[in-house]
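Engineer: Requesting a structural model of the entry that follows:
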Amino acid sequence: MQFAGINLIAVLVAAIAGFGFGAVWYMVLGKPWMAAVGMSEQPQPTPLPFIAAFVCQLVMAWVLAGMIGHLGEISIGRSMTSAVFVWFGFVITAMIVNHRFQGAPWMLTIIDGGHWLGVLLVMGLVIGLFGV
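Structural biologist: Modelled structure (predicted):
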């Protein structure tokens, strides 16, 4: 199933896989993350942040798939390379600027930046596997 050359099934699977990666990442690094943001106890979870996160992951996967598709033939290598370039050129640079102005500790940048690198790599892998 495609729309404007983008495989929508690949986008959905990439978003689910990225969301799943994030769940595992923060289950493992939850305590260091809480310390980095200055939280002493875990807040009561509400569904809204999770819904917003998944919708944003859908958008991210769709844009990544569209960008990769503009490069020509879709392959795992091209998709993974594109994911790294997007992370390095846009995600981690924006996070560093924001966290430095916020006075956030570098550990927060490392944890969150690692999360987004992992999410983009997982999405790139899925998009590369699905192809067009």
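Engineer: any idea how far Val11 is from the most centrally placed residue in the chain?
Structural biologist: The geometric centre of the chain, computed from its C-alpha atoms, lies nearest to Val119 (Cα atoms, centre = their mean), at 3.5 Å. Between Val119 and Val11 the computed distance is 14 Å (Cβ to Cβ, to the nearest Å). The way it works is simple: take the backbone N, C-alpha and C, and place the C-beta from them, glycine included.
Engineer: ok, now Val126?
Structural biologist: Going from Val126 to Val11 by Cβ to Cβ gives 9 Å.
Engineer: which residue ranges form the strands in the protein?
Structural biologist: According to DSSP state E, the chain carries its strands in the segments 2-3, 6-7.
Engineer: Least confident of those, on average?
Structural biologist: Per-stretch averages of pLDDT across these put strand 2-3 at the bottom, with a mean of 57.
Engineer: and Gln57, how many neighbours?
Structural biologist: One way to gauge burial is a neighbour count; for Gln57, by other Cβ atoms under 10 Å, it gives 22.
Engineer: Give me the pLDDT value at the nearest residue to it once chain neighbours are set aside.
Structural biologist: The shortest distance from Gln57 to any non-neighbouring residue, by Cβ to Cβ, 6 or more residues apart in numbering, is to Ala15 (4.3 Å). The confidence metric pLDDT takes the value 98 at Ala15.
Engineer: Show me the shaky parts of this structure.
Structural biologist: Counting by pLDDT under 70, the chain shows low-confidence ranges at 1-4, 132.
Engineer: Just give the nearest non-adjacent residue to the residue of it most remote from its centre, would you?
Structural biologist: Among the C-alpha atoms of the chain, the one farthest from their average position, using Cα atoms, centre = their mean, is that of Ser40, at 25.9 Å. The shortest distance from Ser40 to any non-neighbouring residue, by Cβ to Cβ, 6+ apart, is to Met34 (7.6 Å).
Engineer: Hmm, that neighbour is touching Gln42, no?
Structural biologist: Yes: taking Cβ atoms under 8 Å as the definition, Met34 is a contact partner of Gln42 at 6.8 Å.
Engineer: higher neighbour count, these two?
Structural biologist: Per other Cβ under 10 Å, whichever of Met34 and Gln42 has more neighbours is Met34, with 15 against 9.
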